[in-house]
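1. Provide a 3D model corresponding to the input given below.
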Amino acid sequence: MLSVKEKNYFSGRLEGNFSFAHYVWLLWSIKEAVYKYFKRLDSELLFNPFKIAVDDILFQDDYFYTALRNRSIESTGFLRGGFIDGHITLRDNNICSKLIMAKDFIFSVAADEKHLKDIL
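-> Sure, this is the predicted structure:
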């Protein structure tokens, strides 16, 4: 499910911030969100996580893994900060994602840049 680049990204930049298992869940959530976005455009598309390349993951300056413990995010969208941005390639398309990751859940949305702004 992880490309060599994605594995190296963890070892080079993220190891020590959170576990490899959480990293795999983070990538899975992003890839599933990208798949669901493209499935609306192509009903014949099959889910293949190897074909969805996560090119970059950016943690916003105020991101903290457990920051959501006592914080309500209902009706705030992704504009309040403390989230993770992802950049993904599928079928020569550049896709953006926003991700909330806490100890108990992961939530991702993905779309091309124009439509992602509409979602947020």
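2. Against which helices or strands is the lengthiest strand in the chain packed?
-> If you go by DSSP state E, the chain has its longest strand at strand 93-101. Where contact means 3 or more CB pairs under 8 Å, 6 or more residues apart in numbering; DSSP states H and E, strand 93-101 is packed against helix 20-41, strand 84-90, strand 106-111, helix 113-119. Glycine gets a C-beta too; all of them are placed from N, C-alpha and C.
3. Please identify the buried residues of that strand?
-> Neighbour-count burial for strand 93-101 flags Ile95, Cys96, Ser97, Lys98, Leu99, Ile100, Met101 (criterion: 16 or more other CB atoms under 10 Å).
4. Only C-alpha atoms, please: export that strand in PDB.
-> Taking Å, rounded to 0.1, in the frame of the first residue of the first chain, the C-alpha atoms of strand 93-101 are listed here in PDB:
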ATOM      1  CA  ASN A  93      -3.900  14.900 -11.800                       C
ATOM      2  CA  ASN A  94      -2.800  17.000  -8.800                       C
ATOM      3  CA  ILE A  95      -5.100  16.600  -5.900                       C
ATOM      4  CA  CYS A  96      -5.100  18.400  -2.500                       C
ATOM      5  CA  SER A  97      -6.400  17.000   0.800                       C
ATOM      6  CA  LYS A  98      -7.100  18.200   4.300                       C
ATOM      7  CA  LEU A  99      -6.900  15.800   7.200                       C
ATOM      8  CA  ILE A 100      -7.800  15.800  10.800                       C
ATOM      9  CA  MET A 101      -6.000  13.100  12.800                       C
END
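5. Make 32 the starting number, not 1.
-> Got it, the first residue is 32 from now on, which makes the last one we talked about strand 124-132.
6. on that earlier part again, tell me the most buried of the helices and strands packed on strand 124-132?
-> strand 137-142 (a mean of 20; mean count of other CB atoms under 10 Å).
7. Output that one as CSV, restricted to C-alpha atoms.
-> The C-alpha coordinates for strand 137-142 follow below in CSV (Å, rounded to 0.1, in the frame of the first residue of the first chain):
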residue,chain,number,x,y,z
ILE,A,137,-8.9,10.2,11.1
PHE,A,138,-11.0,12.3,8.7
SER,A,139,-9.9,13.3,5.2
VAL,A,140,-11.4,15.2,2.3
ALA,A,141,-9.8,15.4,-1.1
ALA,A,142,-10.5,17.3,-4.4
